[in-house]
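> with the input below, show me the fold.
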Amino acid sequence: MQPRDPAQPHRAASSLELFFDLVFVVAVSITSAQLHHALSHGDFVHGVTSYAMLFFAIWWAWMNFTWFATSFDTDDWLYRVTTIVQMGGVLVLAAGVPAAFEHGDFTVPVVGYVVMRVAMIAQWLRASRRAGDLRGATRRYAAGIAAVQVLWVLFLLIPSGTLQLIAFVVFALLEVSIPVFAEYRRQTPWHPHHITERYGLFTLIVLGESLLASANAIIDASRELESFVPLISISVLTLVVTASLWWIYFWPPHHRAITSFGRSLRYGYTHYFVFAAAAAFSAGIEVELDVLTGESHLSTAEASLTVTIPIALFLIAIWWVAIRDNADRVVNMVVPLGAVLVLLDPVLPIPVAITAAVMASIVVVLVLRPPVPHHGGPRAS
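Below you'll find the model as predicted:
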């Protein structure tokens, strides 16, 4: 398990990585569905905090595997078995999501998370045997991950409430500090195109949840003939918004965003908000459907905000981490402005209408003004 060449030509996601992503489809879907139920019942604070905590576990486990794989993926039998163990941990975590949302019981999610992380420790220790100059970094990774897992087990002893939330924030900050601690002397190699392809694939997973919400609108329309027109409308508008999110995300050349260790950390950590927002958008669409069919007591404005806030967060995050360094002044004005304008959606009685119009307008601007042809500051307008 020697470090891989970061300049390897034609490096692409392996079939094992794609297989690995499938269990995250399950985890994201269940977590998004639980967020939908919480928001639809007006349980905003508990729903959002539970979602943020659980999505952190999903995102961080996926990201750690992805960055390890870009450096040390051997695809031999032992690597495959260890990866499948991690997949089992994801499924255990996903199974515990409902209890975490409904009762604040994080026992099963923590068990699944620790299984994933212990498997990751084994991967780093194996890599340390032939890592050469990177042996210190690989062992610091293993030691750091092991230490924090002890804290997550102790997390289960903390009663739910404010103290538990504070503990989560502290432990999560320790988790995200491990790469800084492990690689402060020498960085493991990463393949820019491979990494950004992996992030793009996960983005497709979370956007797929929104397409599922759009399909649910059509299914519900066939059962609710009196609501047929508004349900079909929201389905069409959801497709427009989802396609726009896809277009905006893949507009810039992402590999330019990870040219240094600091920039790669910024890219990776900011994607927590990109992924979480995209998955939350699908939950918001489901909330809109509940309001239209009379299954939720939320106001129209409250339901609209469950859609527009995730979209605004997605736009700001992807603009900050990938778009702004590759865009001219017009694009760098339009994208953040669009994030603000989508928040006006509640003023219209038609769900997602303003959002769809704003998102389509951003795409038109991106088509007319392609990314700058060089790395660095924006070109002149």
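
> the stretch 251-381 of the chain: strands as residue ranges?
In the stretch 251-381 of the chain, no strands are defined using DSSP state E, counting those that start in this stretch.

> got the contact list for residue 94?
Residues near residue 94 by CB atoms under 8 Å, 6 or more residues apart in numbering: 23, 26-27, 30-31, 112. To be clear about C-beta, it is placed using only N, CA and C from the backbone, and glycine gets the same treatment.

> 7 Å instead?
26-27, 30 (CB atoms under 7 Å, 6 or more residues apart in numbering).

> what does residue 237 give?
By CB under 7 Å, 6+ apart, the contact list for residue 237 reads 352-353, 356.

> over to residue 8?
Applying CB under 7 Å, 6+ apart to residue 8 gives the contacts residue 191.

> which of the three states applies to it?
Following DSSP: H, G, I helix; E, B strand; the rest coil, we place residue 8 in the coil state.

> which element is residue 50 on?
helix 44-72 (DSSP states H and E).

> any idea how far that helix is from the chain center?
Centre-to-centre, helix 44-72 and its host chain are 7 Å apart (CA atoms, centre = their mean, to the nearest Å).

> quick check: mean pLDDT of that helix?
Within the predicted structure, the mean pLDDT of helix 44-72 is 95.

> tell me the buried residues in it?
Buried residues in helix 44-72, counted by 16 or more other CB atoms under 10 Å: 47-48, 50-72.

> equivalent analysis for stretch 150-163, please.
152, 155.

> now do stretch 11-18
Buried-residue list, stretch 11-18, by 16+ other CB under 10 Å: 11, 13, 16-17.

> flag the least confident of the residues you listed.
residue 11 (89).

> need phi/psi at that one.
When read as degrees, to the nearest 10, the backbone of residue 11 gives phi -70, psi 130.

> contacts only, for it.
Contacts of residue 11 by CB under 7 Å, 6+ apart are 191, 193-194.

> mind putting those residues into a markdown table with secondary structure and neighbour count?
As requested, those are exported to a markdown table (DSSP: H, G, I helix; E, B strand; the rest coil; neighbours: other CB atoms under 10 Å):
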| residue | secondary structure | neighbour count |
| --- | --- | --- |
| 191 | coil | 22 |
| 193 | helix | 19 |
| 194 | helix | 23 |
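
> give me the nearest residue to residue 46, chain neighbours excluded.
Distance criterion CB to CB, 6 or more residues apart in numbering; nearest residue to residue 46, sequence neighbours excluded, is residue 38 at 6.4 Å.

> hang on, I meant residue 65
Distances taken as CB to CB, 6+ apart put residue 86 closest to residue 65, at 6.3 Å, once the chain neighbours are dropped.

> now the angle from the host helix or strand of the one you found to helix 44-72?
Using DSSP H and E, residue 86 sits within helix 77-95. Here the directions of helix 77-95 and helix 44-72 differ by 180 degrees (axes from the mean of the first three to the mean of the last three CA atoms, to 10 degrees).
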